[in-house]
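In: coords below, sequence missing:
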């Protein structure tokens, strides 16, 4: 069974061909590659993708993120399992090593912690953030994210762009539309700010589907580390000058406040 596009005859050579493009990208090392997988094979993966809202999936719903996430391999069917295991295999790990230029041995995540099947429905989003930096079980350093997009006939008006932001949070240096058979790869550090920050505008019967895989190493360069942080979870960042980020935080504070302050006192405060 062919997983990759037949045009990619040698994965290592393909990685060498793309390595400069990846390593020199702004605002941090990254790339997206179209038609990376065999189309017929990826069609079967898409057919297997469940409606996560109808399953016992992880649901996130607050001002920072509105999305659904599978639980490890729980909802993987046959072809999805083949693909995800391939993306944790020796040939693909070597591909990542070459294209990223990372010197330390790269290790996949057999637990798919935080990864696996992701789905965002109309109105959903994922605010700009830097990812958690340590594997919760293995205590290894997170180094690379790989995203496989599964959205056919995706109109740009639907939104859902994957955005890569500069360190000052002033500007998105890259915006990637989540098109079917598009593979996005980027290096994860304490400063690689990214996300899908604006509410999705697709039709009600559509959703933004992706597969996410994360890769680790034992140790990492000091320049990738915020010296003020140790092991941390996801760090959300506010976009400079963006009122929607501030509005979301304000609503969260108000909601929290109402739970603990008596209504009569709230009325006095308003006056």
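Out: Nice, I can see it. No experiment lies behind these values; they were computed from the predicted model shown.

In: pLDDT score assigned to the residue nearest to residue 204 when sequence neighbours are not counted?
Out: Ranked by C-beta to C-beta, 6 or more residues apart in numbering and with sequence neighbours excluded, the top spatial neighbour of residue 204 is residue 122, at 5.7 Å. C-beta: built from backbone N, CA, C; applies to glycine. Per-residue confidence at residue 122 stands at 98 (pLDDT).

In: looking at it, residue 122 is touching residue 206, isn't it?
Out: Yes - with contact defined as C-beta atoms under 8 Å, residue 122 counts as touching residue 206 (7.5 Å).

In: follow-up on the earlier one: ok, the residue nearest to residue 204 - contacts?
Out: For residue 122, the contact set (C-beta atoms under 8 Å, 6 or more residues apart in numbering) comprises 199, 200, 201, 202, 203, 204, 206, 207.

In: One more pass at 6 Å, please.
Out: With contacts defined as C-beta atoms under 6 Å, 6 or more residues apart in numbering, the neighbours of residue 122 are 200, 202, 204.

In: Redo these as CSV? Include secondary structure, pLDDT and distance to residue 97.
Out: Formatted as CSV, the entries for the contacts of residue 122 read as follows, by DSSP: H, G, I helix; E, B strand; the rest coil; pLDDT from 0 to 100; distance: C-beta to C-beta, whole Å:
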residue, secondary structure, pLDDT, distance to residue 97
200, coil, 98, 34
202, coil, 98, 36
204, coil, 96, 42
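
In: Taking the residues you listed, please make a ChimeraX selection of just the buried ones.
Out: To isolate the buried members of the contacts of residue 122 in ChimeraX, using 16 or more other C-beta atoms under 10 Å:
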select :200,202
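
In: Residue 27: which of the contacts of residue 122 is nearest?
Out: residue 200 (23.3 Å; C-beta to C-beta).
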